[in-house]
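Q: generate a structure from the sequence data that follows.
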Amino acid sequence: MNTTQLGVLTLLRSAVTCQSLPVPEGFSLEEAMPLIRGHHMITAIYDGAVRCGIDRKNPAMQRLFAGYVKALQVSEGQMAELARLFEAFEAEGIEYMPLKGSRIKYLYPKPELRMMGDADVLIRLEQYGKIIGIMRALGYADKGESDHELIWQNPGLYLELHKRVIPSYNEDYHAYFGDGWQLAKVKDGCRWSMTPEDEMVYLFTHFAKHYRDGGIGCRHILDLWVYLRANPKLDHSYVMAELEKLQIATFYQYIRELIAYWFEDGQGDERLEFMSDYVFASGSWGKMEDRIRSITLREEKRSALGLKGKFAYGWKLMFPSAKVLERKYTILQKAPWTLPAVWLVRPFYKALFERKSLEEKKQEMDALDKDALESHEQMLKYMGLEYHF
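A: Numbering: from 1, shown residues only. A predicted model of the protein is given here:
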């Protein structure tokens, strides 16, 4: 790792451990700003920088402070909205289970250190008719539906109500989790939670899903470290056994080694340096070209026609599922039998009214040269992250 990366990790470690640590010689906060912004870590970095004694009059520190104040306001608003939502759910007998950031946020020394773009909450679909009325009464607007989420938003919170904890198009992981409610084992009123071991299995599978589907950033590795620190009595033998079923136990071992290398004075090696470079280059949610290559590899595995490379990706673009299309073509919600007609009309509609979208898809296809695709597949195998469909 280079000095900028080492310095960023030092500041993150300082924020989580609440200790003053020596920053690497030659570290420039100014030079680190693009990396900090790209991984959405302003609050934790600022907190760590203060603890490590970086001069608050430093121009980069002043910009970080402005971002910290804004993020603090957003964080407090999100937490207030979640409290209001959960209070309404409790009053109406709505069962729910907070997921991911809406849980991990509270494990940090200060919740604002974990910036959160949205909040994830698992609901029971059979209660959704009642939930709709609650959401509207609380001032939320319906923002649509994805494969696994029902999306609502008000000025204080972007909320994803989960139908299932893993998207159905990640068939190998979804087969293990189902909708996720079988993991809800601890109840407090209407609020459910997983055991620490099951939650670790879920958090890591979600992490692996993003890493495999195009990349994931430093903040999410920091989340795993924070979770491990918060649960020192975790039954690791159980976690490993479940991850073996998911075929990501080897990847888990690599990530544990990476966490030790980054934050616990562990030893590095060639694989850990490779993983570090990949994560730092990915930004918060990966690079577009890596996401396209991962989607293509997934479609190759899924293809009943044996399509490869650009043909597999192109087939997905030409003939998306009814679930994908019905969010835009509402006729499919009332008349699903019109799907073949929609497939036929879509190319002409895009050519006439969505030429920019077509150009973007062409650029995506250009990222799928054979060598790059093979290299990406070898990288996933190197990490222990093949698609198992």
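
Q: name the nearest residue to Ile132, sequence neighbours excluded.
A: For Ile132, ignoring the flanking residues on the chain, the nearest one in space by C-beta to C-beta, 6 or more residues apart in numbering is Asp142 at 7.8 Å. Backbone N, C-alpha and C define where each C-beta goes, glycine included.

Q: run a quick neighbour tally on that neighbour.
A: As a burial measure, the neighbour count of Asp142 was computed by other C-beta atoms under 10 Å and equals 12.

Q: tell me the SS of it?
A: Using DSSP: H, G, I helix; E, B strand; the rest coil as the criterion, the local structure at Asp142 reads strand.

Q: so what's it bridging to?
A: The partner list for Asp142 in beta bridges (DSSP bridges) reads Trp152.

Q: that one against Tyr128, yeah?
A: No - between Asp142 and Tyr128 there is no contact, the gap being 11.4 Å when judged by C-beta atoms under 8 Å.

Q: poorly predicted segments of this protein, please.
A: The chain contains residues with pLDDT under 70 at 302-329, 342-343, 346-368, 389.

Q: nearest the geometric middle of it, what residue?
A: By C-alpha atoms, centre = their mean, the mean C-alpha position of the chain lies nearest to His210, the distance being 5.9 Å.

Q: longest helix in this structure, please.
A: Secondary structure of the chain per DSSP state H: the longest helix is helix 59-92.

Q: export the helix or strand immediately after it in the chain as PDB, just CAs?
A: Following the chain from helix 59-92 toward its C-terminal end, the next helix or strand by DSSP states H and E is strand 96-99. Once non-C-alpha atoms are left out, strand 96-99 reads as follows in PDB (Å, rounded to 0.1, in the frame of the first residue of the first chain):
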ATOM      1  CA  TYR A  96     -39.800  -5.500  11.200                       C
ATOM      2  CA  MET A  97     -36.100  -6.200  11.300                       C
ATOM      3  CA  PRO A  98     -33.500  -3.400  10.800                       C
ATOM      4  CA  LEU A  99     -30.700  -4.500   8.500                       C
END
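
Q: give me the distance from strand 96-99 to the chain's centre.
A: 16 Å (C-alpha atoms, centre = their mean, to the nearest Å).

Q: from the contact counts, what lies against that strand?
A: Based on contacts counted as 3 or more C-beta pairs under 8 Å, 6 or more residues apart in numbering; DSSP states H and E, the elements that strand 96-99 packs against are helix 59-92, strand 119-123, strand 191-193.

Q: quick one: contacts of it?
A: Contact partners of strand 96-99, identified using C-beta atoms under 8 Å, 6 or more residues apart in numbering, comprise 82, 86, 89, 119-123, 162, 165, 180-181, 184, 190-194, 202.

Q: do you know how far Asp172 is from Leu385?
A: From Asp172 across to Leu385, the span is 11 Å (C-beta to C-beta, to the nearest Å).
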